[in-house]
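**Q** Fold the following.
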Amino acid sequence: MGRFGKLDEIDRRIMSIIYKNPEITQVKLAEKVGLTQAAISTRLSRLREMGMIGKGCMIINPSNLGLELMSIDVYTEHTDAMLEKFKHCPCVINMFCFADESNRVEMIMVGENKQLEYCVTKHIRRDTNITSIVARRITSLQKSIGVITHDTAMDDEGKEVEQQYDLPCNDAPCSRCEYYIDNGGACYGCPFTAFYKGRFWKDGNNE
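**A** Numbers count the residues shown, from 1 in each chain. The predicted structure follows:
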């Protein structure tokens, strides 16, 4: 992270909240984090200087955060369903369809080693619409990447809907996930959830 140092737990919480609600005010953010507005303003300025947050996206440098990149070719007769399933996944940097291969979707993912393996095993291989996949590690990256933030969900009355316990891909919730249970109530898979304990939003150890 250079002269700015590492992200701490509060930075991680701030980034997680902004990811789910990019338009949140500093007052509301301060309430959610439990800091004063002045303290939030200072932290936001630092995160922007670090290049970690920008308008409409989070900026992730895998080498700084100890994360890896993976290219995954997914072969399916239902490409639209695959694009819809992963369009809000924070681990998916981008997805591509090809004019000459109507049954192929290429996904570029970022995460920890075990996180990527789990995403492939649980959220991709188990999909009954997929005929085959080819996963490849990406060994070098020329610049930082942006993870696009998504719109805040609203109920019928226009109030914000709390989503932190739901997976954006609509797969089974953490409480029914054997991976989450086997890890003693900690998740290294989807960084969207409140149970995530990995390094997607922060530097340093997972503890």
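**Q** Show residues contacting the strand ranked longest in the chain.
**A** Among the segments of the chain that qualify as a strand by DSSP state E, the longest is strand 101-111. The contact list for strand 101-111 (C-beta atoms under 8 Å, 6 or more residues apart in numbering) reads 60, 62, 67-77, 79, 82-83, 86, 91-98, 116, 119, 131, 138, 145, 147, 191, 198, 200. Any C-beta I mention is one placed from the backbone N, CA and C, and that applies to glycine too.
**Q** List the ones among those residues that fall in strands.
**A** Here DSSP E is the test, and those give 60, 68-76, 92-98, 131, 138, 145, 147 as lying in strands.
**Q** re earlier: buried sites along the longest strand of the chain?
**A** Neighbour counts over strand 101-111 (16 or more other C-beta atoms under 10 Å) mark 104, 105, 107, 108, 109, 110, 111 as buried.
**Q** Next: stretch 188-197.
**A** Residues of stretch 188-197 classed as buried by neighbour count (16+ other C-beta under 10 Å): 188, 189, 190, 191, 192, 193, 195, 196.
**Q** before we move on, the earlier item: only the buried members of the ones in strands among the contacts of strand 101-111: can you turn that into a PyMOL selection?
**A** Buried subset of the ones in strands among the contacts of strand 101-111, written as a PyMOL selection, criterion 16+ other C-beta under 10 Å:
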select buried, resi 60+68+69+70+72+73+74+76+92+93+95+145+147
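**Q** and residue 168, how many neighbours?
**A** 19 (other C-beta atoms under 10 Å).
**Q** How about the contacts made by it?
**A** Contacts for residue 168 (C-beta under 8 Å, 6+ apart) come out as 87, 88, 89, 90, 150, 190, 192.
**Q** and which of the residues you listed is nearest to residue 46?
**A** Nearest to residue 46 out of the contacts of residue 168 is residue 90 (C-beta to C-beta; 21.3 Å).
**Q** gap between the closest one and residue 131?
**A** Note on residue 90: its distance to residue 131, by C-beta to C-beta, to the nearest Å, is 26 Å.
**Q** What are the structural domain limits within this protein?
**A** 2-62, 64-145 (automatic domain parsing).
**Q** center of the protein - which residue?
**A** Geometric centre of the chain, nearest residue: residue 90, 2.3 Å, by C-alpha atoms, centre = their mean.
**Q** where does the protein dip in pLDDT?
**A** For the chain, the stretches with pLDDT under 70 are 1-5, 19-20, 54-61, 63-65, 143-144, 146-166, 194, 201-207.
**Q** again, 50 this time
**A** Applying pLDDT under 50 to the chain picks out residues 1-4, 151-165, 203-207.
**Q** Which of the contacts of residue 168 fall within helices?
**A** Members of these lying in helices (criterion: DSSP state H): none.
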